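[1] pasting the sequence and the predicted model now:
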Amino acid sequence: MASSVKKNKQAAPQYTRAELMNHAEALFAVKAEVLYGALYEVAQETFSIAEAKERINQFMKAKVKG
């Protein structure tokens, strides 16, 4: 009989805002200030690298209200 093997998706590692900001230039090629702006109104405290990149992209594309 063939047995089915379920693959467990491992959750991406989560990092605090401070950890991400300390390494913003190396990880995302942006200054820490950009990352701060991207995460400013977000309630959660930890993020994966992919989540942070997505928020940075959204932040950089946002129109400035004035």
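    Nice, I can see it.
[2] residue 53 and residue 39, how far apart?
    Per CB to CB, to the nearest Å, residue 53 is found 12 Å from residue 39. From N, CA and C alone the C-beta is placed, and that goes for glycine too.
[3] what is the neighbour count of residue 33?
    For residue 33, the count of nearby residues is 10 (other CB atoms under 10 Å).
[4] for it, pull up the helix or strand it's in.
    Residue 33 belongs to helix 32-39 when assigned by DSSP states H and E.
[5] mind giving me the packing neighbours of that helix?
    Contacts defined by 3 or more CB pairs under 8 Å, 6 or more residues apart in numbering; DSSP states H and E place helix 32-39 against helix 17-22, helix 24-28, helix 49-61.
[6] model confidence for residue 2, exactly?
    Note on residue 2: pLDDT of 55.
[7] between residue 53 and residue 39, which has more neighbouring residues?
    With neighbours defined as other CB under 10 Å, residue 53 and residue 39 compare such that residue 39 has more, 19 against 16.
[8] quick check, central residue of the chain?
    Nearest residue to the geometric centre of the chain (CA atoms, centre = their mean): residue 52, 1.5 Å.
[9] please name the residues that touch the closest residue to that residue other than its chain neighbours.
    Ranked by CB to CB, 6 or more residues apart in numbering and with sequence neighbours excluded, the top spatial neighbour of residue 52 is residue 20, at 5.5 Å. Counting by CB atoms under 8 Å, 6 or more residues apart in numbering, residue 20 touches 27, 35, 39, 47, 52.
[10] which residues of this structure score low on pLDDT?
    Scanning the chain for pLDDT under 70 picks out 1-9.
[11] same thing but at 50, please
    Along the chain, segments meeting pLDDT under 50 span 5.
[12] picking up where we left off before, tell me how far the residue nearest to the centre of the chain lies from residue 65.
    23 Å.
[13] I'd say residue 27 and residue 49 touch.
    Yes - counting by CB atoms under 8 Å, residue 27 touches residue 49, with 6.4 Å between them.
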